[in-house]
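Asker: Sequence below, structure please.
(2 chains)
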Number of protein chains: 2
Amino acid sequence: MIVEIVATGTELLLGEIINTNTPFLSQKLNELGFDVLYHSTVGDNRTRMTQVLDNALHRSDIIITSGGLGPTQGDITKEVTADLLNRPLFLHEDSVNKITCLFAKRKLPMTDSNLRQAMIPQGAIVIENQLGTAPGIILEHDNKIIIHLPGPPRELEGMFEHAVVPYLKSHFNSQGAIVSRILHTFGISESLLEEQIKEFILCQSNPTIALLARQGEIIVRLTAKGATDGEANNLIDQLEKQIRQKIADYIWGLDNDTIEAIIGEILTEKQLTVALAESCTGGLATSRITDISGSSAYLMGSIVCYTNKIKTDFIGVTPQIITEYGAVSQETARLMAAGIREKFATSIGIGITGIAGPTGATPTKPVGTVFIAIDGPAGIQCQHHTFNGQRTEIKYRISQAALHMLRQYTLSL
Amino acid sequence: MIVEIVATGTELLLGEIINTNTPFLSQKLNELGFDVLYHSTVGDNRTRMTQVLDNALHRSDIIITSGGLGPTQGDITKEVTADLLNRPLFLHEDSVNKITCLFAKRKLPMTDSNLRQAMIPQGAIVIENQLGTAPGIILEHDNKIIIHLPGPPRELEGMFEHAVVPYLKSHFNSQGAIVSRILHTFGISESLLEEQIKEFILCQSNPTIALLARQGEIIVRLTAKGATDGEANNLIDQLEKQIRQKIADYIWGLDNDTIEAIIGEILTEKQLTVALAESCTGGLATSRITDISGSSAYLMGSIVCYTNKIKTDFIGVTPQIITEYGAVSQETARLMAAGIREKFATSIGIGITGIAGPTGATPTKPVGTVFIAIDGPAGIQCQHHTFNGQRTEIKYRISQAALHMLRQYTLSL
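Answerer: This is a model prediction of the structure:
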């Protein structure tokens, strides 16, 4: 089944917004086993949109559009399809009621133009929009399927998951179930990871394995086909088990897990508290920990110590250590971790000191050099890394290393 | 001149990466006065890429592709064009030399496949790639122009600015010069901003004015056409002056300015230092200030005080104030600002306390409530805001408000 995704909207052609709908749909459809072979974008122009949709109908089996379902005169996607397929629009009563209710609930005045959103091509399946006023539409026509979804990403994503996936699964029943699982790894390069699990990558056709680089980590995506969800999940379970025998130490989460949330779960479960002394990361590691709601239960606070004086006066790093080893040194990092732990009376203290660049390098300590120390019930540990990249990338990678080190330290307690 | 942008690469169709090249090119080309009417994406497949390029040649005057210029068998963009236009590929000696030098410099072994990158269609203009091995190509053919650029965004952006813009400007000389300028605003809504400068938006056709919402701010883009760059710049200067008479207080920067960098310039120039006491933002405001190289000259440090005890013990907020007014209050924010200023002995202290959500709201203090206080040579100021959004959005908006408040406070000194 060949799929084409057509994004509509002049703002896309002007480059004013980044199109995230098309990659979202592409990834989900590929996971479902469909072949997405074309992406197109066209503006809110009747002639050109007609040509693009006509072209798509000739080369693809399933066409999914985003955008152009709003109440304004510029929203023409449904009109274009109705004309192209000769399926006149009529007022869909259920949608009228829903839109009327929504406006009443929000206490907003409704105009006739809002009712344009309730106009539906003859014979269409209407998809309810739980987050907005524009309903979606599925049209079956001459063995082709056209699906219209609204442009706002949250609305499109919700409707795709809740209505389009079940529709496609039931319509293409013969394909059976397709299930994907993501294994998040950290601390191993893409090439080493590939080397470690090469035997599975080479020998496996179901499930398939894909390695993908994401910001600061490599993910392994397993995708299995089966007669049922259960069968596909079983296949993935077996392969995951085999993969874990090779790279268990590097896998820290599944699917939508984030390292910030995983840390939160461990600290909460083990009733541990944490404080940080951050130099080169400038508060970024602490900020990431506080991205999780409820983090005030385990994150007590931090000191960003951008000067030696603050390291000395508020965290207890002795001037002698800084003079002898430097502010960027294992010794300083260790004292920062121990110092903040003691001052803030937490189970665990973290010290981060390094060179974010682009200036500040020395012959022995290049830009990207960092020392990360953790002090806690299991004693002090310290790691030394050298990261590449621009200043903000280096800051992010250091915070990433610190959060993963915190996970490993707390898991061992 | 109708422009079509064709992104190539199977990874795009799989949704594995977000396509930022197409919006970049679209924005730049629109600023140059070209009409970008179509975006297409196709995978590394000879038949389908041929069809997509052939279709583009029929409906568009200028076609710009990204991707598919690498050394592997999957990189086929040049071959497809060479076949389609009957312009055989030959080995381009200058490019061979450059690639050979680059490999020698990086001390990497070079294979025959690397030389595929030096194969150029007959009659093409070769664009040097200053950041990578793949040269770009400009082909003029039957009144159409085809431009091939590499996929890595930094390479594509660099080559577009350095080679494609001058080429297009000289080729379409009759169009004269087109210049754009961005005015960054903060603290005014899009609708109010539109209201304030409506007279210019309605009456102006050269320069044109566009209002665009960006993360946490609204930007005003002025675009002028003139016979020369100087003439276009003069037109923009005049309009900017008129616009500033209406909304000067809200404009804080131009073009590529960032608020973090602007603050750095002011603090450096006025020889001021700053420290922060952050509660709900968890270090984010400090981290953003330290995104600027050289920020250690003015940012001394911060305390993230996620507990009342840390607010009391390390910053000097009295328990009475917290009991009487609450940790999220104007009174607490003021004491945080004054306290951190005193403890860290800086010119300026900032205190931020609020509710990032989604939990923690009270009947009088909804999620998004924040108090931001600044203490310094001009006395204490405090702002009270209520922001909408998810937890991380609220954190960002609060940090944004704090940085803009810091700018205004320091400008007045």
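Asker: and A:Tyr325, what does it touch?
Answerer: A:Glu331, A:Thr332 (C-beta atoms under 8 Å, 6 or more residues apart in numbering or on different chains). The way it works is simple: take the backbone N, C-alpha and C, and place the C-beta from them, glycine included.
Asker: try A:Phe24
Answerer: A:Pro153, A:Leu156, A:Glu157, A:Phe160, B:Gly15 are the contacts of A:Phe24 under C-beta under 8 Å, 6+ apart.
Asker: Closest one to A:Tyr306 out of those, please.
Answerer: Minimum distance to A:Tyr306 across these is 37.5 Å, recorded for A:Pro153 (C-beta to C-beta).
Asker: Find the residue ranges of the stretch 151-300 of chain A scoring beneath the pLDDT cut-off.
Answerer: Scanning the stretch 151-300 of chain A for pLDDT under 70 picks out A:173-176.
Asker: Run through the residues of it sitting next to chain B.
Answerer: For the stretch 151-300 of chain A, the contact set with chain B under C-beta under 8 Å from any C-beta of the partner chain comprises A:212, A:276, A:278, A:281-287, A:289-291, A:293-296, A:299-300.
Asker: how far away is the residue of chain A positioned farthest from its centre from B:Ile259?
Answerer: Most distant from the centre of chain A: A:Gln320, at 45.0 Å, with distances by C-alpha atoms, centre = their mean. A:Gln320 sits 39 Å away from B:Ile259 when distances are taken as C-beta to C-beta, to the nearest Å.
Asker: shouldn't A:Pro358 be in contact with A:Arg391?
Answerer: Yes: using C-beta atoms under 8 Å as the test, A:Pro358 is close enough to A:Arg391 to be in contact (6.3 Å).
Asker: Need the overlap of contacts for those two.
Answerer: Common neighbours of A:Pro358 and A:Arg391 (C-beta under 8 Å, 6+ apart) are B:Ser293.
Asker: Could you pull up the contacting residues of the closest residue to chain B within the stretch 101-250 of chain A?
Answerer: Here the stretch 101-250 of chain A gets closest to chain B at one residue, A:Leu212, 5.7 Å apart by C-beta to the nearest C-beta. Neighbouring residues of A:Leu212 by C-beta under 8 Å, 6+ apart: A:Ile218, A:Ile219, A:Arg221, B:Glu16.
Asker: Now do the contacts for the residue lying closest to A:Gly9 once chain neighbours are set aside.
Answerer: For A:Gly9, ignoring the flanking residues on the chain, the nearest one in space by C-beta to C-beta, 6 or more residues apart in numbering or on different chains is A:Gly67 at 4.4 Å. Contact analysis of A:Gly67 by C-beta under 8 Å, 6+ apart lists A:Ala7, A:Thr8, A:Gly9, A:Leu12, A:Asn21, A:Thr77, A:Pro150, A:Gly151.
Asker: Got the confidence number for A:Gly67?
Answerer: Note on A:Gly67: pLDDT of 94.
Asker: Could you chop chain A up by domain?
Answerer: Per the record, chain A has its domains at A:2-175, A:177-254, A:259-411, by automatic domain parsing.
Asker: Among the ones you listed, show me which one is buried the most.
Answerer: Most buried of the domains of chain A by mean neighbour count (mean count of other C-beta atoms under 10 Å in any protein chain shown) is domain A:259-411; its value is a mean of 21.
Asker: quick one, phi/psi of A:Ile62?
Answerer: phi -130, psi 130 (degrees, to the nearest 10).
Asker: Hmm, it is touching A:Asn143, no?
Answerer: No: look at A:Ile62 against A:Asn143 with C-beta under 8 Å: they stay out of range, at 10.5 Å.
Asker: Tell me the first helix or strand C-terminal of the helix or strand A:Ser180 falls within.
Answerer: Per DSSP states H and E: A:Ser180 is located in strand A:177-185. Using DSSP H and E, the helix or strand that follows strand A:177-185 in sequence is helix A:190-196.
Asker: From A:Arg288, how far out is the residue most central in space within chain A?
Answerer: Residue closest to the average C-alpha location in chain A (C-alpha atoms, centre = their mean): A:Asn256, at 7.3 Å. Separation of A:Asn256 from A:Arg288 (C-beta to C-beta): 16 Å.
Asker: Also A:Arg214?
Answerer: The spacing between A:Arg214 and A:Arg288, counted by C-beta to C-beta, is 15 Å.
Asker: any idea how far stretch A:163-172 is from the chain center?
Answerer: 24 Å (C-alpha atoms, centre = their mean, to the nearest Å).
Asker: For that stretch, which outside residues touch it?
Answerer: A:1, A:28, A:32, A:34, A:62, A:64, A:125, A:127-128, A:136, A:138, A:145, A:147, A:149, A:175, A:177.
Asker: Report the lowest-confidence entry in the residues you listed.
Answerer: Lowest in pLDDT among the contacts of stretch A:163-172 is A:Gln175, which has 59.
Asker: Strands - which of the contacts of stretch A:163-172 land there?
Answerer: Assigned to strands by DSSP state E, the following of the contacts of stretch A:163-172 qualify: A:Ile62, A:Ile64, A:Ile125, A:Ile127, A:Gly136, A:Ile138, A:Ile145, A:Ile147, A:Leu149, A:Ala177.
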